[in-house]
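> structure, please.
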Amino acid sequence: MVSWFAAYAAFAVGIHFLSGPAHRLPGYLPFELACLLPWNIVLFVKAARRGAAVAIAVLVTTCFVMVVTYPAHIITTLNLHWAYFQDQDVLIGPMLAGVPIEEFLFYPMTINLAVLIYLVMCGFMKERRLADFPLSRGSLRAVLLGGAAVFALLGIWLIASGNPGSVAPAARSWDTFGLPHYSEGPRTRGWTILCMFSAASNLVLLWLAELFTPMTLRAVVPTAALYLPVCLLVDLIGTSRGWWVFNAQTSSGLWIGPLPVEELPMYLTGVMLSISVFETTRRLLGERGLP
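Numbering: from 1, shown residues only. The predicted structure follows:
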């Protein structure tokens with residue numbers, strides 16, 4: 001992780017000086033190649049060393065993420081949840097249904113980072129023979145289902161309290177810090193609602209996976225704790241550079257710079273989805289214990 005943060009910092013500083021409105025260079029794809037691809041390669045190497053079941057589980061997780069995110073991303077882009085600015089960095093060009101090719105590489109490689117961190121944590125536990133946290137499976141299931149209910153109720157409340165009559169023309173702006181913002185279309189809060197239901201459904205998915213195979217919280221919790229700041233940093237550089245800019249009409253209106261706050265629970269999706277699919281696949285292949 002230290003190497004990842006170093007690579008991220010070097011890229012963030014470098015792209016700031018290399019690409020700007022006067023001389024726009026591709027930034028999104030080089031970021032993926034510099035800050036995502038090497039660690040995905042490490043993931044597959046580590047998985048191969050842990051045995052066939054772990055390697056297959058990683059491949060299944062990657063393919064599952066691709067299948068889920070591709071149509072979802074096309075739909076959310078067509079529904080104006082965000083736009084792609086090229087004022088600072090240009091895109092390389094190819095698009096599918098209005099979505100740049102960079103986006104189709106982004107989600108599988110980003111979510112795979114959670115599996116990589118999880119494998120490292122599991123290896124750390126095995127080396128030191130650490131026991132899991134003293135939390136009963138019943139308590140864990142109650143927390144997962146309770147969290148899912150909270151997010152689902154928030155989503156339902158947002159739908160019930162919506163104001164679709166408020167329509168904004170397409171408009172771009174930059175705040176006092178030079179960060180891009182964007183608004184267009186009816187006031188639906190669609191992205192916020194999607195974040196709520198995504199968090200709820202993935203908590204349910206993690207609950208179902210836990211029914212099938214006990215989750216090792218001492219590995220899952222540090223994975224989430226490390227993965228969330230990684231997602232935040234990636235999101236901040238992406239939105240600040242204009243690789244994707246969230247639509248204020250489909251967001252909550254509460255911002256962390258150019259980033260809507262509902263993105264924070266959305267990050268949990270990467271942890272819950274990837275670990276659920278990874279562990280379920282590994283156990284279906286007959287493997288027990290820590291990977």
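> quick one, strands of the stretch 51-200 of the chain?
Counting by DSSP state E, counting those that start in this stretch, the stretch 51-200 of the chain has strands at residues 82-83, 89-90, 95-96, 99-100, 167-174, 180-186.
> tell me which of those sits nearest to S136.
Smallest distance to S136 across those (Cβ to Cβ): 41.2 Å, for strand 82-83. Where C-beta positions appear, they are placed from N, C-alpha and C, glycine not excepted.
> tell me which residues are up against that closest one.
Residues from elsewhere that reach strand 82-83 (Cβ atoms under 8 Å, 6 or more residues apart in numbering): 76, 182, 184, 191, 244-247.
> of these, grab the buried ones for ChimeraX.
The ChimeraX selection below is limited to those of those classed as buried (16 or more other Cβ atoms under 10 Å):
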select :76,182,184,191,244,245,246,247
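> and the contacts of strand 82-83, which is closest to L25?
W244 (17.6 Å).
> per-residue confidence at that closest one?
pLDDT, W244: 93.
> ok, the closest residue to it other than its chain neighbours to S276 distance?
Leaving aside its sequence neighbours, W244 sits nearest to W82 (Cβ to Cβ, 6 or more residues apart in numbering; 4.6 Å). Remark: distance between W82 and S276 (Cβ to Cβ, to the nearest Å) = 26 Å.
> one more: V99?
On the measure of Cβ to Cβ, V99 and S276 end up 25 Å apart.
> quick one, which of these two is more surrounded?
S276 (24 against 18; other Cβ atoms under 10 Å).
> look up the closest residue to that one, ignoring the ones flanking it.
Closest residue to S276 apart from its sequence neighbours, by Cβ to Cβ, 6+ apart: A209 at 3.9 Å.
> show me the contacts for the one you found.
So A209 contacts 215, 275-277, 279-280 (Cβ under 8 Å, 6+ apart).
> kindly report the same for R283.
For R283, the contacting residues are 212-213, by Cβ under 8 Å, 6+ apart.
> in the one helix or strand it maps to, what counts as buried?
When elements are assigned from DSSP states H and E, R283 belongs to helix 263-284. Residues of helix 263-284 classed as buried by neighbour count (16+ other Cβ under 10 Å): 263-283.
> for this structure, name the helix or strand with the lowest mean pLDDT.
When the helices and strands of the chain are scored by mean pLDDT, DSSP states H and E, strand 95-96 comes last with a mean of 83.
> strand partners (parallel or antiparallel) of it?
Sheet pairing for strand 95-96, assigned by DSSP bridges, gives strand 99-100 (antiparallel).
> how far does the partner strand sit from its chain's centre?
Taking Cα atoms, centre = their mean, to the nearest Å, one finds strand 99-100 lying 17 Å from the centre of the chain it belongs to.
> swap in stretch 34-43?
Centre-to-centre, stretch 34-43 and its host chain are 15 Å apart (Cα atoms, centre = their mean).
> how close does the residue nearest to G238 when sequence neighbours are not counted get to P100?
The shortest distance from G238 to any non-neighbouring residue, by Cβ to Cβ, 6+ apart, is to W244 (5.6 Å). Using Cβ to Cβ, we find W244 at a distance of 9 Å from P100.
> quick one on the thing from earlier: beta partners for the residue nearest to W244?
Counting by DSSP bridges, W82 is bridged to F246.
> kindly check the end-to-end length of stretch 162-182 for me.
Stretch 162-182 has an end-to-end distance of 20 Å (Cα to Cα, to the nearest Å).
> in it, what's buried?
For stretch 162-182, burial by neighbour count (16+ other Cβ under 10 Å) applies to 179-182.
> I'd like the average pLDDT over that stretch.
For stretch 162-182, the mean per-residue pLDDT is 82.
> same question for stretch 258-267.
Stretch 258-267 comes out at a mean pLDDT of 89.
> cool, and stretch 118-138?
Mean pLDDT, computed over stretch 118-138, is 84.
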